[in-house]
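A.B. asks: just a sequence and a predicted model for now, questions to come.
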Amino acid sequence: MLQTINGIRMNYSLQGPAGKPVVALLHGFPFSSDMWKDQVLALKGGFRVLCYDLRGMGKSGLGPHPQLMETFVDDLFALLDHLKIKSAALTGLSMGGYVALRAAERDPARFWALALCDTRADADGDQAKIGRAGAIKSIRAGGTKAFAKAMLPKLLAPQTLSLRPEVGRELLKMMGQAKADGMANALAAMAGRSDTHGSLKQYHGPVLAVAGKLDLLAPPSVAQDMAQEARQGRFVEIPGAGHVSNLENPEAFNQALMDFLLLSLPS
Ligand code: MLT
């Protein structure tokens, strides 16, 4: 459904029985909420499941830019306020994890658990920032389609690319919906995001850190470290998956997420 939230038209869905604990799903860059379809199906019997397209991606509008990571967090808070959701578990993959970590830093009491998937709490180093600038240039020069095609082999495990080509096609379709300005804006926001290790250590709630075994962008060692930093952390490696572990191995991902959420339910 499209609704004006924090000054943009935002595409979101809220499924599952009213009154059940809320789980909000935040997608990676530059995908859309469609990447969570298997998780929505698995969760919506026992949870109220919220997912939405981050601004500039999927069917959501972009609004005036530039914007920083704070704007993406403001969007999340505005959507939760609009839906009168006082408490949610955040599940964020990659860029969605950056938004989740900063949201939990700003208002930890609002989130009963954090599932951090194929993501990291570090801010970008200089090389990564320079890489973001190069990515913006290549989007401007070659367009979003060429950029997305070049990104695919870094996102998916070799076996996903060869044995499940439909996963690549789904991702390309989602990336095809993102606006060029939306991608450029998100890249700049990611380059400018803050380090969230301090607040990860302070966060009192349960934390799940998940990574695809073959994730090149946020490898399992990064997730393992985040789980160790958290007060109540657990780490799960997803076999046969790269950076988009929820799409590449939905069975193992769903099992890990469901086990975690059921163990973490607010009392
Ligand atoms: C993502 O999947 O959201 C991106 O890989 C995040 C990033 O570029 O840091």
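C.D. replies: Looks like it arrived, so ask away.

A.B. asks: correct me, but Gly92 touches Phe111?
C.D. replies: No: counting by Cβ atoms under 8 Å, Gly92 stays clear of Phe111, with 10.7 Å between them. (Each C-beta comes from the backbone N, C-alpha and C, glycine too.)

A.B. asks: residues shared between the contacts of those two?
C.D. replies: Both Gly92 and Phe111 are contacted by Ala100, under the criterion Cβ atoms under 8 Å, 6 or more residues apart in numbering.

A.B. asks: have a look at the two and say which one is more surrounded.
C.D. replies: A count of neighbours by other Cβ atoms under 10 Å puts Gly92 above the other of Gly92 and Phe111, at 26 against 19.

A.B. asks: and the pLDDT at Cys66?
C.D. replies: Actually, residue 66 is Pro. It isn't Cys. Looking at Pro66, its pLDDT is 84.

A.B. asks: what does the one 5 residues further on give?
C.D. replies: At Thr71, the predicted lDDT confidence score is 98.

A.B. asks: does the ligand have contacts with the helix or strand containing it?
C.D. replies: Using DSSP states H and E, Thr71 sits in helix 69-82. No: against the ligand, helix 69-82 shows no contacts by Cβ under 6 Å from any ligand atom, the least distance being 11.1 Å.

A.B. asks: show me what the biggest helix by length in the chain is packed against.
C.D. replies: Ordering each helix of the chain by length in residues (DSSP state H) puts helix 126-155 first. With contacts defined as 3 or more Cβ pairs under 8 Å, 6 or more residues apart in numbering; DSSP states H and E, helix 126-155 has these neighbours: helix 165-177, helix 180-191.

A.B. asks: stretch 53-68 vs the ligand: in contact?
C.D. replies: No: Stretch 53-68 is not in contact with the ligand by Cβ under 6 Å from any ligand atom; minimum separation 9.4 Å.

A.B. asks: I meant stretch 195-213, not that one.
C.D. replies: No: figure legend: stretch 195-213 not in contact with the ligand (Cβ under 6 Å from any ligand atom); closest approach 11.3 Å.

A.B. asks: pull out the buried residues from that stretch.
C.D. replies: Using 16 or more other Cβ atoms under 10 Å as the test for burial, stretch 195-213 gives 196-197, 199-200, 203, 205-213.

A.B. asks: and stretch 66-73, by the same measure?
C.D. replies: Buried positions in stretch 66-73, judged by neighbour count with 16+ other Cβ under 10 Å: Gln67, Leu68, Met69, Thr71, Phe72, Val73.

A.B. asks: might you enumerate the residues of the stretch 51-200 of the chain proximal to the ligand?
C.D. replies: Residues of the stretch 51-200 of the chain found near the ligand (Cβ under 6 Å from any ligand atom) are Ser94, Met95, Met190.

A.B. asks: need the contact list for the residue minimising distance to the centre of the chain.
C.D. replies: In the chain, the centroid-proximal residue (Cα atoms, centre = their mean) is Gly96; its distance is 2.3 Å. Taking Cβ under 8 Å, 6+ apart as the criterion, Gly96 is in contact with Leu25, Leu26, His27, Gly28, Leu54, Cys117, Thr119.

A.B. asks: returning to that earlier point: the buried residues of stretch 195-213 in helices, which ones?
C.D. replies: Those of the buried residues of stretch 195-213 lying in helices (DSSP H): His197, Ser199, Leu200.

A.B. asks: check contacts around His82.
C.D. replies: Gln3, Ile5.

A.B. asks: so for it, what pLDDT did the model give?
C.D. replies: At His82, the model reports a pLDDT of 98.

A.B. asks: number the chain from 832, please
C.D. replies: OK, 832 is where the count begins now, so the last one is His913.

A.B. asks: what number of residues are in the vicinity of Ser844?
C.D. replies: 15.

A.B. asks: err, Asp949, not the other one
C.D. replies: By the criterion of other Cβ under 10 Å, Asp949 has 31 neighbours.

A.B. asks: give the contact list for it.
C.D. replies: 859, 924-925, 928, 1041-1043, 1046, 1048-1049, 1054, 1074-1076.

A.B. asks: same thing with Lys1004?
C.D. replies: Taking Cβ under 8 Å, 6+ apart, one finds Asp865 in contact with Lys1004.
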